[in-house]
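Enquirer: take this sequence and fold it.
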Amino acid sequence: MIKYLKQTTLALAMMVPLSGIVHAGSPVVGQMGDWKVTLEEVDKSIAGELYELEIKIFEARAKALDGMMVEHLLASEAKKQGITIDQLEKKEVNDKITPVSDAQISQFIKQNGARLPNGGVGMESRVKEYMEEAQAKKFRAMLLQQLMADLAVTTNLPEPEEPRYTLTSEMKPALGPANAPVTIVEFSDFECPYCRKVQPALQKIKETYGDRVKLVFRHYPLSFHKKAPLASKASMCAGDQKQFWAYHDALFEEGVDLNRAGLDKVAMTLKMDMATFKACLDSDKYQAKLDADLAEGQALGVTGTPTFFVNGRKSSGALPYGSLKQMVDQELTQK
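Expert: Numbering: from 1, shown residues only. The predicted model follows:
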């Protein structure tokens, strides 16, 4: 019976970092001739993977701590009443469950049939179990809340802090000075509607902070956006004619055609040398650069676009201006 009581969580807080991830005087773990690699350098190269492991360890620790605290709470109450934990479960949960009628089951299936397999036909017994368990869950929560009311419950598992990631590629194309105190690297996809949506916020950041912020663009065409890789290459070809950012802005306009004809049309509108542009786009000149951006994004744990690294701190999604501003202000305050 106790396993059911343990299903109610105590909303415990977070975990201790993995031991060994941060190293003072990091030891050398690899050497070839005079070239050496330290453990800290290895960890930096897989910072995202290590962070994901920290999260998994936190979840395992939190689950175990949750169960231990609930078990202690129930055992203490059962002892106080002179009964077993199973008897406590029966008294405070099972005996309070009211029988579910056929009419209630039918009504539930009628209301939720669209979400049930085969419209809920033949699922009466499973629906009954579900409805009874919903009652039990409510009574378990009430019991735990009541038992904790007069107790000082604290937990001490600190939340793992996501690292500042080190980006290894050249910081180009970029808007802003090389020595700007804040660098925002955006991994983006020209076919992504969320990437288009965030552009006004990025433009406002540039207008607000001027030379204090550098914006860097990284190509990260998602696998299901079939037009995005060619669009990325086209923007790099535009960069050969010092038109990357103008071309970038044009591709993020609503309704722009990202097929080859549309990409050529944008170049014509920007009055590029079309022979040079087309020759570039017909070649594999920027395939290696595109592959490198994708590889770096994957190593950094980028799973969707847009993903931002603000001085190495990662944040995903079409962030509103206020969120970006807050991140920039935090970095400027630390300078």
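
Enquirer: how about the strands in the stretch 201-335 of the chain?
Expert: 213-219, 307-310, 313-316 (DSSP state E, counting those that start in this stretch).

Enquirer: the second one pairs with which strands?
Expert: This points to strand 307-310. strand 182-188 (antiparallel), strand 313-316 (antiparallel) (DSSP bridges).

Enquirer: among the ones you listed, which comes closest to Lys206?
Expert: strand 182-188 (9.3 Å; CB to CB). (C-beta placed from N, C-alpha, C; glycine too.)

Enquirer: can you give me the angle the closest one makes with strand 213-219?
Expert: Here the directions of strand 182-188 and strand 213-219 differ by 20 degrees (axes from the mean of the first three to the mean of the last three CA atoms, to 10 degrees).

Enquirer: got the contact list for strand 182-188?
Expert: 167, 171, 176, 195, 202, 205, 209, 212-220, 293, 297, 300, 302, 305-311, 324, 328, 331-332 (CB atoms under 8 Å, 6 or more residues apart in numbering).

Enquirer: now the buried members of the residues you listed.
Expert: 167, 176, 195, 202, 205, 209, 212-220, 293, 297, 300, 302, 305-311, 324, 328, 331 (16 or more other CB atoms under 10 Å).

Enquirer: wait, Cys237 touches Ala275, no?
Expert: No. Cys237 is beyond contact range of Ala275, at 11.8 Å (criterion: CB atoms under 8 Å).

Enquirer: show me which of the two is the more surrounded one.
Expert: Set Cys237 next to Ala275 and count neighbours by other CB atoms under 10 Å: Cys237 wins out with 25 against 8.

Enquirer: list the buried residues for stretch 38-53?
Expert: Neighbour count says stretch 38-53 has Leu39, Glu40, Asp43, Lys44, Ala47, Gly48, Leu50, Tyr51 buried, by 16+ other CB under 10 Å.

Enquirer: identify, from those, the entry nearest to Lys265.
Expert: The nearest member of these to Lys265, counting by CB to CB, is Gly48 at 38.5 Å.

Enquirer: that closest one and Leu167 touch, don't they?
Expert: No. The criterion here is CB under 8 Å, and Gly48 misses it with Leu167 at 11.8 Å.

Enquirer: not including adjacent chain positions, what is the nearest residue to Val127?
Expert: Using CB to CB, 6 or more residues apart in numbering and skipping residues adjacent in sequence, the residue nearest Val127 is Ile105, 5.1 Å away.

Enquirer: wait, is the one you found part of a strand?
Expert: No. Applying DSSP: H, G, I helix; E, B strand; the rest coil, one finds Ile105 to be helix, outside a strand.

Enquirer: contacts only, for it.
Expert: Counted by CB under 8 Å, 6+ apart, Ile105 has contacts Glu124, Val127, Lys128, Met131.

Enquirer: now the residues you listed in a markdown table, with pLDDT and neighbour count?
Expert: Listed next are the contacts of Ile105 as a markdown table, based on pLDDT from 0 to 100; neighbours: other CB atoms under 10 Å:
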| residue | pLDDT | neighbour count |
| --- | --- | --- |
| Glu124 | 93 | 14 |
| Val127 | 94 | 18 |
| Lys128 | 94 | 17 |
| Met131 | 95 | 17 |
